[in-house]
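> Quick one, fold the following:
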Amino acid sequence: TGNFNALQAFESPASHTYTRFVIFVGGLTDGLLACPYVPALGEACDQEAWGFVQPLLSSSYIGYGTGSLDRDASELELLVKFLVEHRRATAVALVGHSTGCQDVVHLLRVTDARVRSLVRLVVLQAPVSDRQGGGSEWEAGAAERAQFLRQAEGLIAAGKGDDILTKHHGFVPITASRYASLMGRGGPDDMFSSDLSDAELCDRLGHLNGTRTLFVHSLADEYVDPNMDTRALSRRFVSAAGPKASAILLEDARHNLLPAVEGAQAAQVFVKEVVAALREC
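Okay, here's the model as predicted:
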């Protein structure tokens with residue numbers, strides 16, 4: 001079924017007999033404990049008799065720069081098959097954070113019927129556009145990103161997509177192909193941009209139809225243009241993903257659900273919503 005020994009995943013609790021598993025997939029530069037809410041989510045899963053798994057993909061931490069959604073999906077598929085073979089898994093829930101949302105969506109597009117049949121729930125927390133970004137610093141870098149994108153497209157056209165283009169965010173070596181995927185309109189990673197048409201969103205999210213899907217948006221997300229109408233965009237995501245999709249919008253929540261104002265309870269609300277969805281599985 002694959003080379004299980006090539007990859008690592010951390011499972012909690014340390015000892016259990018559960019046959020249902022929540023797999024948490026972080027975003028760019030993330031690894032273990034990617035978000036502050038992860039420990040609480042793991043504990044809540046335990047209380048509901050779901051194991052909690054945090055994989056370390058080849059793309060974790062700075063590995064994403066030389067990776068792809070295809071590689072991530074193949075490794076996640078291998079993890080699910082490992083859980084079936086070695087943990088007697090009968091059901092799986094997938095929780096993606098940030099760019100991890102793209103991994104989850106792509107996995108369900110490309111995986112085989114055996115894995116797809118095990119997925120009971122998809123949670124997409126902070127499904128935002130890497131291409132559009134937000135904030136004054138992001139706007140200031142627009143010309144540089146456009147130049148790098150042109151260079152990336154030129155390398156790809158020359159058959160050199162695996163060549164290192166630059167250092168993403170100043171410290172992550174990134175290939176031309178991955179840069180174009182993240183920053184090019186219509187690239188593999190371009191699933192949540194506001195300028196995608198309804199037809200384009202359906203093409204990217206329509207295969208979620210039939211799978212319980214929960215979109216979770218932060219209304220103070222520092223990686224989203226403050227002028228973005230997140231509520232309207234969320235409605236378009238839900239429509240594209242089909243009748244079993246829904247969304248929650250969290251006031252005063254940052255990208256990783258830390259409070260934007262003192263006293264905000266976004267992380268606690270998120271964990272409760274995930275638990276409620278798991279109970280419906």
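> Output stretch 145-154 in CSV, but only the C-alpha positions, please.
What follows is stretch 145-154, C-alpha atoms only, in CSV (Å, rounded to 0.1, in the frame of the first residue of the first chain):
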residue,chain,number,x,y,z
ARG,A,145,5.5,39.5,-7.4
ALA,A,146,4.4,40.2,-10.9
GLN,A,147,8.0,40.2,-12.0
PHE,A,148,8.7,36.9,-10.3
LEU,A,149,5.5,35.4,-11.8
ARG,A,150,6.7,36.4,-15.3
GLN,A,151,10.1,34.7,-14.6
ALA,A,152,8.3,31.6,-13.3
GLU,A,153,6.1,31.3,-16.3
GLY,A,154,9.2,31.7,-18.6
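> State the mean pLDDT of that stretch.
For stretch 145-154, mean pLDDT rounds to 96.
> And residue 227, its phi and psi?
Dihedral pair for residue 227: phi -90, psi 0, per degrees, to the nearest 10.
> measure it to residue 134 for me?
9 Å (C-beta to C-beta, to the nearest Å). For every residue, glycine as well, the C-beta is placed using N, CA and C.
> So for those two, which residue has more residues nearby?
residue 134 (18 against 6; other C-beta atoms under 10 Å).
> quick one, what contacts the more buried one?
221-226, 228 (C-beta atoms under 8 Å, 6 or more residues apart in numbering).
> ok, what's across the strand from residue 213?
residue 122, residue 245 (DSSP bridges).
> Of the contacts of residue 134, which is the nearest to residue 203?
Of all the contacts of residue 134, residue 203 sits closest to residue 228, with 21.3 Å by C-beta to C-beta.
> Do I have it right that the closest one meets residue 195?
No. Using C-beta atoms under 8 Å, residue 228 is not in contact with residue 195; the gap is 10.8 Å.
> Please identify which of the two sits among more neighbours.
residue 228 (17 against 10).
> contacting residues for that one?
Residues near residue 228 by C-beta under 8 Å, 6+ apart: 134, 194.
> Now it, what are its backbone angles?
The phi and psi values for residue 228, taken as degrees, to the nearest 10, are phi -70, psi 140.
> Please tell me how far it sits from residue 208.
Residue 228 sits at a distance of 22 Å from residue 208 (criterion: C-beta to C-beta).
> buried stuff in the strand or helix carrying residue 154?
Using DSSP states H and E, residue 154 sits within helix 142-157. Neighbour-count burial for helix 142-157 flags 148-149, 151-152, 155-156 (criterion: 16 or more other C-beta atoms under 10 Å).
> Please enumerate the helices of the stretch 151-281 of the chain.
Remark: helices assigned in the stretch 151-281 of the chain by DSSP state H, counting those that start in this stretch are 176-183, 198-205, 230-241, 266-279.
> quick check: longest helix of this protein.
In the chain, taking DSSP state H as the definition, the longest helix is helix 69-87.
> Tell me which residues are up against that one.
So helix 69-87 is contacted by 1-4, 7, 9, 18-19, 21, 23, 25, 51, 53, 55, 57-59, 89, 92, 94, 102-104, 106-107, 109-112, 114-115, 118, 181, 188-189 (C-beta under 8 Å, 6+ apart).
> Mind doing that once more with 7 Å?
1-2, 4, 7, 9, 21, 23, 25, 55, 57-59, 89, 92, 102-103, 106-107, 110-111, 115, 118, 188-189 (C-beta atoms under 7 Å, 6 or more residues apart in numbering).
> Ok, stretch 257-269 next?
35-37, 40, 218, 220, 250, 252-254, 270.
> show me what contacts the residue lying closest to residue 184 once chain neighbours are set aside?
Spatially, and ignoring its direct neighbours in sequence, residue 184 is nearest to residue 149 (5.9 Å; C-beta to C-beta, 6 or more residues apart in numbering). Residue 149 is in contact with 179-180, 183-184, counting by C-beta under 7 Å, 6+ apart.
> between the helix holding residue 154 and helix 176-183, how many degrees?
Helix 142-157 runs at 130 degrees relative to helix 176-183, counting by axes from the mean of the first three to the mean of the last three C-alpha atoms, to 10 degrees.
> from the chain's centre, how far out does helix 142-157 sit?
In terms of C-alpha atoms, centre = their mean, to the nearest Å, the centre of helix 142-157 is found 24 Å from the chain centre.
> Now do the nearest residue to residue 31 once chain neighbours are set aside: how many residues are near it, please.
The shortest distance from residue 31 to any non-neighbouring residue, by C-beta to C-beta, 6+ apart, is to residue 60 (4.5 Å). Per other C-beta under 10 Å, the neighbour tally for residue 60 reads 22.
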